[in-house]
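*Asks:* Need a 3D model of the sequence below.
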Amino acid sequence: MADLFDTSATPASTGPRPLADRLRPKTLAEVIGQEQVLGPEAPLGTMLAAGSLSSLIFWGPPGVGKTTIARLLADETDLHFVQISAIFTGVPELRKVFEAAKMRRQNGKGTLLFVDEIHRFNKAQQDGFLPHMEDGTILLVGATTENPSFELNAAVLSRSQVLVLQRLSLADLERLAQRAEKELGKALPLDGPAREALLEMADGDGRALLNLIEQVAAWSGDKVGVDQLASRLMKRAVKYDKGGEEHYNLISALHKSVRGSDPDAALYWFARMLAGGEDPRFLARRITRMAVEDIGLADPQAQAVCLQSWETYERLGSPEGELALAQAVTYLALAPKSNATYVAYKAAVKAAKQTGSEPPPKHILNAPTSLMKDQGYGADYAYDHDAEDGFSGQNYFPDEMKRGVYYMPVDRGFERELKKRVDYFAKLRTKRNN
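*Replies:* Next comes the predicted model:
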C-alpha cells in the first residue's frame, strides 16, 4: 500500500496526459534552463558530484522547474520522494509525513520531502521541520515564489541553501517548443512572428507555454499570424503582486532608472507597473518623491511638474491622465540630479537629535518683556537689512554648538547658482567675523 503523500508510488494514469506531464524531464540533463543551478560548477552540480546534498529552498517564479528538479534530485540520490503542498497540509498531516519518514529511515531509506509553497506555512509549522532536518529524517526541498528572506524562518534558512531559479529565456522556451513539436509529431501552425509572440505570451513560464502549445496544436488550416493568434488566445495576466516583492522590485527599477537619467528604461518600468494594475496615484506620489530626493534644487521646477501631472491625472483619470504622469517621468529622468538637500536634511536631523536641548543664542531671541531684556534676549542682534550687502554674518546656531555645514550644493543645474551663493555668503561670514 502506498504511503500517505507518496507521489512516487502513484500509478500511471491510463487516460490522456497533458503535454506538460508527457514532456516532464526524466533526468536532470533534460531540464531546460537553470544552468546557474544545475551546471557542473553550479551549486547542485557540485553537490551531486560530491555526493552530498543539503536541504534546499528553490526560489523562483511559476513554471521554471522547481517541482521537476526536486523529483529528479530524489532519483539522482536514491531518496524516497514525498511531495506536499503547504496550502493543503496541516499539522496532523505533517506528523504522518514525519512518522513515515522515520520508519523509512529505520529501514535504510532516506526521504526527500518536497514542500510546495513552503512560505505559506506559519512560524510554528516551519519550526516543526527543524528536528527532522537536524537528525536526518528528511532532506527538505522547499519551493517558494516569495522572497525567502521575508517569508521563511531564520532557523529554516540557516539549515538550507537558497537557490534562485530564473524565468526561462526566449531561447529556452524555443527549445521547449521544439521538444513539444517532436512529441506531438507536427509543427505548430504559426508563422515566424506568431511563433515569437507565442513565446513572449508565456512570459518565462514553461508550463504556461506548453498549455498554450496544446491549444495551438489543435488548430487546423493554414499557418496563423500574430493578429489571429491574439484573437484566439487570451493573453496571460502580467505577473505582478501589488503588495508583494514584485511591487517593490519594479518601483525600485523605476526609481533607479530615473536617478540614472534613462527616460526609456524609466518609461518601460512605469508602463510595466501600470500593466500590472498598479494604482496611478501611488506612482504619482512616488514620482513626486523622486523629484524631492534625487533632483531637488538642481531643478526646482521638477516638483511643480510632478504636482501638475498628478493634478492632471486626477482631473482626466485613466487612461488619458497616465500620459501626464509619463511626461513627469520623462522630465525627471532628463533633469539634472542632486541629493544635496536630502543629505543636508539627514545631517541636520542627526545634529538636532544630538543637541536637542541647546537653546538658540540670546541675540536672536525676541524680548517682549522687560525681564527677558534683562536676561539679554535680543541684545546685540544685527538687523541684516541694515548691514553691508544685506548680510550681518552673525551666528544663528546655539552658543555651545560648533557651526554645522550640511548643505553642499552640487555643480549641476540651478544648484550651480546656489553653490555660488553659498560660497559668497561663506566668504562674507569669514570677513565679518575677523
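*Asks:* all strands for this protein, in order.
*Replies:* 56-59, 80-85, 111-116, 139-144, 161-164 (DSSP state E).
*Asks:* Dump those into a markdown table; add mean neighbour count and distance to Phe425 as well.
*Replies:* All C-beta atoms are positioned from the backbone trio N, CA, C, and that covers glycine. Output for the strands of the chain, formatted as a markdown table (neighbours: other CB atoms under 10 Å; distance: least, CB to CB, whole Å):
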| stretch | mean neighbour count | distance to Phe425 |
| --- | --- | --- |
| strand 56-59 | 24 | 54 |
| strand 80-85 | 19 | 67 |
| strand 111-116 | 25 | 65 |
| strand 139-144 | 25 | 56 |
| strand 161-164 | 16 | 53 |
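*Asks:* To Ala298, which of the ones you listed lies closest?
*Replies:* Shortest separation from Ala298 across these is recorded for strand 161-164, at 37.4 Å, computed as CB to CB.
*Asks:* strands paired with the closest one, and their directions?
*Replies:* strand 56-59 (parallel) (DSSP bridges).
*Asks:* Give me the below-cutoff pLDDT ranges for the protein.
*Replies:* 1-15, 234-246 (pLDDT under 70).
*Asks:* longest helix anywhere in it?
*Replies:* Ranked by residue count and defined by DSSP state H, the top helix of the chain is helix 415-432.
*Asks:* to the chain's geometric centre, what's the distance from that helix?
*Replies:* Taking CA atoms, centre = their mean, to the nearest Å, the mean C-alpha location of helix 415-432 is offset from the chain mean by 43 Å.
*Asks:* that older thread, Throw the strands of the chain into JSON lines and include distance to Asp264, thanks.
*Replies:* JSON lines is the format used below for the strands of the chain (distance: least, CB to CB, whole Å):
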{"stretch": "strand 56-59", "distance to Asp264": "30"}
{"stretch": "strand 80-85", "distance to Asp264": "41"}
{"stretch": "strand 111-116", "distance to Asp264": "38"}
{"stretch": "strand 139-144", "distance to Asp264": "33"}
{"stretch": "strand 161-164", "distance to Asp264": "27"}
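*Asks:* What count of nearby residues applies to the residue nearest to Leu140 when sequence neighbours are not counted?
*Replies:* Computed as CB to CB, 6 or more residues apart in numbering, the closest residue to Leu140 that is not its neighbour in sequence is Ser55, at 4.2 Å. Other residues within reach of Ser55, judged by other CB atoms under 10 Å, total 19.
*Asks:* domains for this protein, by residue range?
*Replies:* Domain assignment for the chain by automatic domain parsing gives 7-164, 170-232, 245-334, 357-432.
*Asks:* would you turn the ones you listed into a markdown table with distance to Thr341?
*Replies:* Shown next, in a markdown table, are the domains of the chain (distance: least, CB to CB, whole Å):
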| stretch | distance to Thr341 |
| --- | --- |
| domain 7-164 | 32 |
| domain 170-232 | 41 |
| domain 245-334 | 4 |
| domain 357-432 | 7 |
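*Asks:* Select, out of these, the one closest to Ala348.
*Replies:* Closest approach to Ala348 among these (CB to CB): domain 357-432, 5.0 Å.
*Asks:* How far does that closest one sit from its chain's centre?
*Replies:* 45 Å.
*Asks:* what about Glu151, how many residues close to it?
*Replies:* Neighbours of Glu151 using other CB under 10 Å come to 19.
*Asks:* any chance you could map the helices in the stretch 101-250 of the chain?
*Replies:* 123-127, 130-134, 148-151, 154-158, 170-184, 192-202, 206-217, 226-232, 245-259 (DSSP state H, counting those that start in this stretch).
*Asks:* just those helices: most buried one?
*Replies:* helix 206-217 (a mean of 20; mean count of other CB atoms under 10 Å).
*Asks:* what's that helix in contact with?
*Replies:* 18-20, 23, 32-33, 62-65, 168, 172-173, 176-177, 180, 184, 186, 188-190, 198-199, 201-202, 224, 229, 232-233, 236 (CB atoms under 8 Å, 6 or more residues apart in numbering).
*Asks:* Show me the one of the helices of the stretch 101-250 of the chain that comes nearest Leu334.
*Replies:* Ranking the helices of the stretch 101-250 of the chain by proximity to Leu334 (CB to CB) places helix 245-259 first, at 9.4 Å.
*Asks:* what residues are up against the closest residue to Tyr331 other than its chain neighbours?
*Replies:* Spatial nearest neighbour of Tyr331, chain neighbours left out: Val305 (5.0 Å); criterion: CB to CB, 6+ apart. By CB under 8 Å, 6+ apart, the contact set of Val305 is 291, 327-328, 331-332.
*Asks:* Noted, bye for now.
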